[in-house]
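Student: structure, please.
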Amino acid sequence: MCQACGFADIVHGSQMRRRAFIFGAATAGALTVVANAHAQGRKSRSKQTQKSNAPPKPENVMTPDDALARLMEGNKRYQKGLARRHDFIAEREALVGGQNPYAAILSCADSRIAPEYAFDSSRGDLFVVRVAGNFANPDNIASMEYAVEVLKTPLILVLCHEACGAVKSAISSIQDHTTLPGHLPSLVAALAPAVKAVAGRPGDQLENATMENARLGVETLRTATPLLSAAFNEKRFKIVSGIYRLGDGRVDLFA
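Tutor: Take a look at the predicted model:
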């Protein structure tokens, strides 16, 4: 007598055995499918983790010296009018999840100076901070700290330019003992150390003050505690100064 349904074993037993075998086989098959699915899930998650840990632009991971060489190569192309074609659609997709620029630039806000153009760069290549007179203050120091500490940017360039209106206005205000309107006196105050440092120095006063201001900016960023000074001493980034030439777009580096 079958204990499961009450039918005689002679009639029902063989059917039950066949059903038990089929059920067991089906169960084993289902478990195999589930196990395979879990394995595939682990592989997929592993790939996703690797992908999420990879920098958005692997080509931007480089040494400080290589970053500077790449920056200046881009400027040479810009001077010759041989800019590369940039696929902005593909770049947008690559940068949705983050950024890892290879250079950070403290530049003047002058409309004639566009670092992204001047160095023939793509989206996600340059971390640019702009202010009239390209001087270092607490706000843009914090921005550079973010670039170096968070984004791991290996190079900072303080970029001044010829015929800087902000520096020219500061020189006039200081020499003439005049106060500029609005918030402009704050620019004068920020640029005054450079203007005073070159007083009486031979050469063009405007260019002297412009380049001195960039030098002071480099020194301020290089020694900004605690983050940038530590990163610089550990050789995690390099910092340089340069001047943009309006006539041909050339960037000349200087100490």
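
Student: do a quick rundown of the helices in the stretch 151-255 of the chain.
Tutor: Taking DSSP state H, counting those that start in this stretch as the test, the helices found in the stretch 151-255 of the chain are 165-176, 184-197, 205-222, 227-233.

Student: check what pLDDT residue 27 gets.
Tutor: pLDDT, residue 27: 46.

Student: then the one 5 residues further on?
Tutor: What the model reports as pLDDT for residue 32 is 50.

Student: next: residue 47.
Tutor: So residue 47 comes in at 45 (pLDDT).

Student: where does pLDDT dip in the stretch 51-200 of the chain?
Tutor: The model of the stretch 51-200 of the chain has pLDDT under 70 over residues 51-52.

Student: in this structure, which residue is closest to the centre?
Tutor: residue 101 (2.9 Å; CA atoms, centre = their mean).

Student: what segments of this protein are strands?
Tutor: 103-107, 126-130, 155-161, 238-244, 251-254 (DSSP state E).

Student: give the contact list for the spatially closest residue to residue 60 that is not a sequence neighbour.
Tutor: Using CB to CB, 6 or more residues apart in numbering and skipping residues adjacent in sequence, the residue nearest residue 60 is residue 102, 4.1 Å away. Just so you know, the C-beta spots here come from the backbone N, C-alpha and C atoms, and that holds for glycine as well. Under the criterion of CB atoms under 8 Å, 6 or more residues apart in numbering, the contact list for residue 102 reads 60-62, 67, 70-71, 125-126, 153-155.

Student: again, only using 10 Å
Tutor: Listed by CB atoms under 10 Å, 6 or more residues apart in numbering, the contact set of residue 102 reads 57, 59-64, 66-68, 70-71, 121, 124-127, 151-155.

Student: now the buried members of these.
Tutor: Buried members of the contacts of residue 102, scored by 16 or more other CB atoms under 10 Å, are 57, 60, 62, 64, 67-68, 70-71, 121, 124-127, 151-155.

Student: sweet, I'm off.
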